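please work out how this folds:
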Amino acid sequence: MTDIPLSTLFGILAFLILFSGFFSASETSMMAINRYRLRHLVAKKHPAARRVSDLLKHPDRLIGVILLGNNFVNILASSIATVIAIELMGEAGIAIAAALLTVVILIFSEVTPKTIAVIHPEKVAFPASFIIKPLLIILYPLVWALNGIGNNLLKLFGISEKDKDNYRLSPDELRTVVHEAGGIIPKRHQQMLLGILDLEKATVEDIMVPRNEIVGIDLNASLDTITEQLTTSQHTRLPLYCDSVDSVVGMLHLRKILHLFGHDELSKEALEKAAREIYFVPEGTPLHTQLLNFQRLKRRIGLVVDEYGDIQGLVTLEDILEEIVGEFTTDPDALSLDIHPQADKTFLVDGSITVRELNRAIQWNFPTDGPKTLNGLILDHLEVLPEVGTSFLLEGHPIEVIQMADKAVKIVRIHSNRWKKNPL
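Here you go, the predicted model:
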């Protein structure tokens with residue numbers, strides 16, 4: 001090798017350093033490439049994406065051929081650098097060459113190419129696959145032997161190549177992805193996607209109409225009272241019951257009784273005959289499950305019952321859909337009808353509002369794993385029935401009880417600004 005001109009040796013050394021940088025960038029880009037975008041491109045039959053995907057199916061082989069090539073060129077570069085040093089400075093130049101080569105490789109073969117590969121993985125991985133894939137075919141026997149030895153060593157530590165991750169996102173990870181995609185997905189669509197993901201975290205009790213707020217037709221009332229209820233009702237479906245909702249006999253769809261008004265045939269017997277059998281929903285049913293149940297059974301409304309069969313509330317298909325798309329009957333950017341902003345930056349809030357609705361409307365974080373309504377949350381916190389004027393701190397928000405009714409908190413005033421803790 002001493003017969004080779006120094007200019008040629010420097011040229012070979014520069015080429016090896018660049019080739020080492022190529023292997024380093026290839027390894028980093030292959031590992032950093034977005035797997036989901038890669039699958040999308042493969043589905044569109046992108047040729048370079050298909051090559052990269054094929055390489056990533058066997059990461060041990062991919063890493064093997066890259067490291068084999070990278071170590072070979074680094075060792076060869078070290079040998080050539082040693083020859084150059086001896087030619088220029090004698091034996092004393094070996095240490096200097098080693099130090100200089102280490103710095104050069106770190107800068108031009110490691111840090112710089114890997115940084116570029118992390119920032120632009122596709123732009124590096126796709127062209128690199130043109131070289132890596134043929135190189136893997138050529139060196140496959142050697143790579144196979146090295147991987148075989150390596151995999152057997154891994155088995156000694158209880159690690160198998162088959163244990164590799166499948167790059168599947170958990171629900172919480174998917175929520176993070178949606179949150180971070182704010183610049184790509186419109187805010188409205190982002191909220192809808194998050195609403196769909198949150199369906200599995202909520203149950204029918206979180207959105208149901210409480211038992212005491214269920215509007216229905218009492219068959220024991222006078223026919224005039226029933227007629228007035230039917231003609232002024234804001235709902236198209238109403239439960240029929242006798243005296244109380246515990247004695248429910250069916251679900252009435254107002255569209256099916258319109259002809260009774262036209263022919264003056266309205267009677268309690270006709271209403272009971274037109275009513276459909278009640279659909280009962282067990283409490284604790286997740287919203288995503290109930291949505292599928294409504295679809296499968298072709299139902300739009302059901303009564304929520306506890307483990308003893310007692311009716312706890314009423315849930316509708318519209319209630320579940322509003323968890324995804326927001327309120328149908330109001331401006332989606334407006335606050336709930338149970339929340340009234342005041343000029344002093346406080347809010348007058350109805351105690352019957354659900355905690356989920358309150359959090360969603362004002363972006364607060366009251367706990368949702370306990371009581372479902374604000375009234376229940378307050379009673380659970382105080383552990384006594386408060387009096388009007390009672391003030392307390394709940395989750396960092398000052399709250400004042402404004403009105404009580406029927407042994408329940410009817411209206412409270414909530415301050416929007418959190419109390420700051422004393423830093424001392």
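
all strands for the protein, in order.
209-210, 217-218, 237-242, 244-253, 280-282, 301-305, 311-316, 339-341, 346-350, 391-394, 397-405, 408-415 (DSSP state E).

quick one, which of those is nearest to T102?
strand 397-405 (59.3 Å; C-beta to C-beta). C-betas here are computed from N, CA, C, even on glycine.

got the angle for that closest one vs strand 346-350?
Taking axes from the mean of the first three to the mean of the last three C-alpha atoms, to 10 degrees, strand 397-405 and strand 346-350 form an angle of 40 degrees between their directions.

what about the residue lying closest to F347 once chain neighbours are set aside, distance to I378?
Excluding its sequence neighbours, the residue lying closest to F347 (C-beta to C-beta, 6 or more residues apart in numbering) is I414, at 4.8 Å. Using C-beta to C-beta, to the nearest Å, I414 is found at 10 Å from I378.

hang on, the earlier thing: next up, the contacts around the residue nearest to F347.
346-347, 349, 397-399 (C-beta atoms under 8 Å, 6 or more residues apart in numbering).

again, only this time at 6 Å
347, 349, 397, 399 (C-beta atoms under 6 Å, 6 or more residues apart in numbering).

so which of those residues wins on neighbours?
I399 (25 neighbours; other C-beta atoms under 10 Å).

okay, it and A343: tell me how far apart.
I399 is 19 Å from A343, by C-beta to C-beta.

for V304, give me its contacts.
204, 208, 281, 283, 312-313, 315.

rebuild the residues you listed as JSON lines, extending it with neighbour count and pLDDT.
Below are the contacts of V304 laid out as JSON lines (neighbours: other C-beta atoms under 10 Å; pLDDT from 0 to 100):
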{"residue": "V204", "neighbour count": "23", "pLDDT": "89"}
{"residue": "M208", "neighbour count": "23", "pLDDT": "87"}
{"residue": "V281", "neighbour count": "24", "pLDDT": "92"}
{"residue": "E283", "neighbour count": "16", "pLDDT": "89"}
{"residue": "Q312", "neighbour count": "16", "pLDDT": "89"}
{"residue": "G313", "neighbour count": "23", "pLDDT": "90"}
{"residue": "V315", "neighbour count": "26", "pLDDT": "92"}
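
so which of those residues would you say is closest to A128?
So of the contacts of V304, ranked by how close each gets to A128 (C-beta to C-beta), first place is V204, at 52.9 Å.

ok now do that closest one, which residues does it touch?
281, 285, 290, 304, 315.

pull stretch 242-262 out as PDB, backbone CA atoms only.
The C-alpha trace of stretch 242-262 is given here as PDB (Å, rounded to 0.1, in the frame of the first residue of the first chain):
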ATOM      1  CA  CYS A 242     -99.100   5.100  35.400                       C
ATOM      2  CA  ASP A 243     -98.500   7.500  38.300                       C
ATOM      3  CA  SER A 244     -94.700   7.300  38.200                       C
ATOM      4  CA  VAL A 245     -92.000   6.300  35.800                       C
ATOM      5  CA  ASP A 246     -91.500   3.100  37.800                       C
ATOM      6  CA  SER A 247     -94.700   1.900  36.200                       C
ATOM      7  CA  VAL A 248     -93.800   2.600  32.600                       C
ATOM      8  CA  VAL A 249     -95.800   0.800  30.000                       C
ATOM      9  CA  GLY A 250     -94.300   1.800  26.700                       C
ATOM     10  CA  MET A 251     -92.500   4.400  24.600                       C
ATOM     11  CA  LEU A 252     -94.800   6.700  22.500                       C
ATOM     12  CA  HIS A 253     -93.700   8.200  19.200                       C
ATOM     13  CA  LEU A 254     -95.900  11.300  18.500                       C
ATOM     14  CA  ARG A 255     -95.800  10.800  14.800                       C
ATOM     15  CA  LYS A 256     -97.700   7.500  15.200                       C
ATOM     16  CA  ILE A 257    -100.600   9.200  16.900                       C
ATOM     17  CA  LEU A 258    -101.100  12.300  14.700                       C
ATOM     18  CA  HIS A 259    -104.000  10.600  12.900                       C
ATOM     19  CA  LEU A 260    -105.800  10.200  16.200                       C
ATOM     20  CA  PHE A 261    -106.100  14.000  16.500                       C
ATOM     21  CA  GLY A 262    -107.500  14.300  13.000                       C
END
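
in it, which residues are buried?
245, 248-252, 257, 260 (16 or more other C-beta atoms under 10 Å).

wait, doesn't A77 sit right on L16?
Yes: with contact defined as C-beta atoms under 6 Å, A77 reaches L16; the gap is 4.0 Å.

what helices or strands is the top helix by length along the chain leaning on?
The single longest helix within the chain, with elements called by DSSP state H, is helix 59-89. Helices and strands touching helix 59-89, by 3 or more C-beta pairs under 6 Å, 6 or more residues apart in numbering; DSSP states H and E, are helix 6-32, helix 93-105, helix 140-156.

just want the angle from it to helix 140-156.
Using the same axes, to 10 degrees: helix 59-89 against helix 140-156 is 110 degrees.

pLDDT on helix 59-89, on average?
When pLDDT is averaged along helix 59-89, the result is 86.

show me how far it is from its chain's centre.
45 Å (C-alpha atoms, centre = their mean, to the nearest Å).

buried stuff in it?
60-66, 68-70, 73-74, 77-78, 80-81, 83-85.

closest to M31 out of the strands of the chain?
That would be strand 397-405 among the strands of the chain, by C-beta to C-beta, at 46.0 Å.

what are the contacting residues of that closest one?
386, 388, 390-392, 409-415.

same thing but at 7 Å, please
348, 386, 388-392, 409-415, 418-419 (C-beta atoms under 7 Å, 6 or more residues apart in numbering).

where does the stretch 1-150 of the chain have low pLDDT?
Scanning the stretch 1-150 of the chain for pLDDT under 70 picks out 1-3.

hmm, back to that, lowest-confidence one in the contacts of I414?
H397 (83).

what distance do you get for that residue to T368?
From H397 to T368 the distance is 15 Å (C-beta to C-beta).
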